[in-house]
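K.L.:
sequence unavailable; structure follows:
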């Protein structure tokens, strides 16, 4: 004999549509099974997002695609300047280094605002919380590093600054930012 008891099906791990054989003591088992099932079934919490959440996410993701090319160009320009500090004013590296730095600053400003805003709006979403938290911590650390890089760059251009410290902080910040980018990459691909 079989019976369709949702509680028994859930307790046994079988799908709800699968007939489960009735035990001999059917009067006491369902109460136990219901208790066990309610302890193991996670509660589903609906999280409501605004229309702007999706817009900010689109801006955030689109801007993120510019990060790696900006880093490559900035690294190439910085490396050329570091190896040849007396380059002429018309050299591509000297002309490109500062605008690329402003590009990185603009990108990180846009992505910090959109990312933190969406993080706050999605704070009740449990799925992927660890990945999002790791991403935001790494990116905020990179933000701080890029701010320090800008300050150090201003000093390195004048007297008493260290080009080596400027370069090391810049490369370290890029590395941290790339790690934060890679944390979210499976999410971008839909994994």
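P.N.:
Right, received. Where do you want to start? Every value quoted in this text rests on a predicted model; they were computed, and no experiment measured them.

K.L.:
counting by contacts, list what the strand or helix carrying residue 106 packs against.
P.N.:
Element membership for residue 106, per DSSP states H and E: helix 92-121. In this structure, helix 92-121 makes packing contacts with helix 51-64, helix 67-83, helix 129-157, judged by 3 or more C-beta pairs under 8 Å, 6 or more residues apart in numbering; DSSP states H and E. Using the backbone N, CA and C atoms, a C-beta is placed for each residue, glycine as well.

K.L.:
with respect to residue 113, which of the ones you listed lies nearest?
P.N.:
Smallest distance to residue 113 across those (C-beta to C-beta): 8.3 Å, for helix 51-64.

K.L.:
avg pLDDT for the closest one?
P.N.:
Averaging pLDDT along helix 51-64 yields 90.

K.L.:
buried sites along it?
P.N.:
56, 57, 59, 60, 63, 64 (16 or more other C-beta atoms under 10 Å).

K.L.:
so the first one makes contact with residue 119?
P.N.:
Translated: residue 56. No. Residue 56 lies out of contact with residue 119 (C-beta atoms under 8 Å); the separation is 10.3 Å.

K.L.:
which of the residues in stretch 153-169 are buried?
P.N.:
153, 156, 163, 166, 167, 169.

K.L.:
quick one: end-to-end length of it, please.
P.N.:
When the termini of stretch 153-169 are compared using C-alpha to C-alpha, to the nearest Å, they are 10 Å apart.

K.L.:
could you dump the helices and strands packed on helix 92-121 to TSV with distance to residue 185?
P.N.:
TSV is the format used below for the helices and strands packed on helix 92-121 (distance: least, C-beta to C-beta, whole Å):
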stretch	distance to residue 185
helix 51-64	10
helix 67-83	11
helix 129-157	10
